[in-house]
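Undergrad: coords please:
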Amino acid sequence: MAAALNPGQTTGVSASKKPKVAGGGRWDMKLFQAMKDPKQLFDDSDDKIVVIKDGYPKSLHHYLIIPRETIYTLKDLREKHLSLLEHMKKLGESLVEQLQKENGGPLRFRMGYHAVPSMKQIHMHVISQDFNSVCLKYKKHYNSFTTAFFLDVNFVISELTCKGRVIMDTAKYEDMLKQPMICHVCKTAIKNIPDLKRHLKLH
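TA: Predicted coordinates for the structure are as follows:
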């Protein structure tokens, strides 16, 4: 697996505010720009997907697997996309295996999608479960990966298989970002981000 030279632009602002960023263009469309930058792509990328590092990683290992086909949101998925999602999952599993080998020890990962992402173009997160990152600054950052807001890859594939689409209650999922923080390992209630980071070191 080759290292990307520059991180890709990804989630980092709320879905309700889409500021313009340096270089022009809307923030929520920056993934399309990252996908076209050969310096950001991993060798794992192929004719169907691209793999980049998350530009604002929320863990030590945080990658995005993005389809080349334009699919803005999970709501736009249909049965015809099942093979694409399976391909993304398989590549994610291969990436996890490679990272575990490089680490020389067990690393816990999850793969999935944000129910209400702040970026256009669906992207599957491959993220280690340490949440050790200076970019993890707010409650919503942590909750977006540790509550039901984070849709496991198998859940999304199952929904598409059974229903032909992925049905979203946007308000319900957005409320999950406001929930009290609960340690994803031991279920301890956490008051704030500094306490969270101290607590996670215990695991």
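Undergrad: Can you tell me who the residue nearest to the spatial centre of the chain pairs with across the strands?
TA: Residue closest to the average C-alpha location in the chain (CA atoms, centre = their mean): H125, at 2.8 Å. Beta bridges link H125 to L64, G112 when assigned by DSSP bridges.
Undergrad: how close does it get to C135?
TA: The gap separating H125 from C135 is 13 Å, by CB to CB, to the nearest Å. Bear in mind the C-beta positions are built from the backbone N, C-alpha and C, glycine included.
Undergrad: go on, G55?
TA: 9 Å.
Undergrad: In terms of neighbours, single out the busier of the two.
TA: Neighbour count, other CB atoms under 10 Å: between G55 and C135, G55 has more, with 19 against 15.
Undergrad: these two touch, right, the more buried one and A34?
TA: Yes: shown here, G55 and A34 form a contact pair, counting by CB atoms under 8 Å, at 7.5 Å.
Undergrad: where in the protein is pLDDT low?
TA: Within the chain, the segments meeting pLDDT under 70 span 1-25.
Undergrad: Now do the strands in it.
TA: Ranges of strands in the chain, per DSSP state E, are 49-53, 62-67, 109-114, 124-128, 150-152, 181-182, 189-190.
Undergrad: could those strands be laid out in CSV, adding distance to K139?
TA: Shown next, in CSV, are these (distance: least, CB to CB, whole Å):
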stretch, distance to K139
strand 49-53, 24
strand 62-67, 18
strand 109-114, 15
strand 124-128, 17
strand 150-152, 14
strand 181-182, 6
strand 189-190, 9
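Undergrad: Let me know which of these is the nearest to A171.
TA: The minimum distance between A171 and those falls on strand 109-114, with 15.0 Å, by CB to CB.
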